[in-house]
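Participant: let me see the structure of the following:
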Amino acid sequence: MFPCKVKIDQLDKTNKKVKDVDLKANKALTKGKIKKVVSKEGERTPFYYIGGYFEDKGKAIGDFLSFGESPKLEKHFVQNEMKKSKNSTMDEKVQDPKKAAMGTMYVKGNVIHFEPHEKSKIPPAKWPKILKEMKEYFLGMKAVVVIDGKVIEIEEDKSEASSDVVEESSTVDLSVDKTKQGIAKRFKALRETYISARDNEHDAKIVKGLYLDLKAWLEDFKQLDKGEQKELKAYYEKFATVLEGVKKIIKADQKIDIHLKNVTEAIAKYVAAQDRSTKPAIALKKEALEELDGIMKFAKFVGASEMMKQCTIIQELFD
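Facilitator: Residues are numbered from 1 along each chain as shown. As a prediction, the model looks like this:
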């Protein structure tokens, strides 16, 4: 369906060359991916889960969850996370194969379905608790686990389930909750999504959608009475910074698209040239390298590390 944005190096806490996965950014990124899965009901994508992965001063503060195709992550989970291994991303003292799983997930009937890999060692009885702990990832949707055809779900009374859906619904449809509390919560979610897009590789469509959601948020904020607006002053002051940041990301994405179009055309003409030592061919090579520099400049700004890597490879080919 789509590639996983989290790389194995980012999960390895001993690797100091890359930035570790961040709890808030991971939540925002995962919520964004769930929206993608929802839009293509029934289509499967891999999931990766490590309970208690995020820590603060040695204490677990959150679970890691991510979606998308990644042969390296799939192989790593089977060989190192779902069984005892010194190559686990967790410290050997705390690593527990019963707290890690991978498999496939899909949405059917507005319900998120997880199907763990056959080598997953998480006992079926533990899944309801895990689902409950990860509810904030699920955009207010119900989530179940399917093992050998049996559906496992969270055990809760109807009143609790109903309140949870209302509380989380604004993450799915940001125009629903227009109360002061809802508007405050919506801004926090929007800001998390912005930070994730700013610091990590992102889907341009999600950023454009974020821009529209921010404009809708502002309109709803303006409908509050003066007293409530005053109470949310801190959110309003941050709003301008977030909106401007989103505009810059969109502009950078547009610049990348332009440079990509130009470099593709220049490379095609250069490759087609019979004699690449002529002035026109040399000019095409120069143009292509300049366009690649442009792509790398804006790719660095939006955190598109994979695109920067590909640009570097092409530059080396020219050399």
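
Participant: tell me the SS of the residue lying closest to Ala101 once chain neighbours are set aside?
Facilitator: With Cβ to Cβ, 6 or more residues apart in numbering as the measure, Ser120 is the residue that lies nearest to Ala101, at 4.2 Å, once sequence neighbours are left out. Quick note: C-beta positions are derived from backbone N, CA and C, even for glycine. The assignment at Ser120 comes out as coil when based on DSSP: H, G, I helix; E, B strand; the rest coil.

Participant: quick one: residues contacting Ser120.
Facilitator: Under the criterion of Cβ atoms under 8 Å, 6 or more residues apart in numbering, the contact list for Ser120 reads Met82, Ala101, Met102, Gly103.

Participant: how about Tyr48?
Facilitator: By Cβ under 8 Å, 6+ apart, the contact set of Tyr48 is Cys4, Val6, Phe64, Leu65, Ser66, Phe67, Ser70, Leu73, Phe77, Met102.

Participant: just the buried members of the residues you listed?
Facilitator: Among these, those classed as buried by neighbour count (16 or more other Cβ atoms under 10 Å) are Cys4, Val6, Phe64, Leu65, Ser66, Phe67, Ser70, Leu73, Phe77, Met102.

Participant: which intervals of this structure have sub-threshold pLDDT?
Facilitator: Segments of the chain classed as low confidence (criterion: pLDDT under 70) are 1, 155-177, 201, 303-304.

Participant: neighbouring strands - and their directions - for the host helix or strand of Phe54?
Facilitator: Remark: Phe54 resides in strand 45-56, with elements defined by DSSP states H and E. Pairing partners of strand 45-56, with direction, according to DSSP bridges: strand 59-67 (antiparallel), strand 100-108 (antiparallel).

Participant: what is the subsequent helix or strand relative to the last one?
Facilitator: Moving toward the C-terminus from strand 100-108, the next helix or strand (DSSP H and E) is strand 111-116.

Participant: next helix or strand past that following strand?
Facilitator: Sequence-wise, the next helix or strand downstream of strand 111-116 (DSSP H and E) is helix 127-133.

Participant: who are the packing partners of that following helix?
Facilitator: With contacts taken as 3 or more Cβ pairs under 8 Å, 6 or more residues apart in numbering; DSSP states H and E, helix 127-133 sits against strand 45-56, strand 142-147, strand 150-153.

Participant: what residues sit buried inside that helix?
Facilitator: Within helix 127-133, the residues scored as buried using 16+ other Cβ under 10 Å are Trp127, Pro128, Ile130, Leu131.
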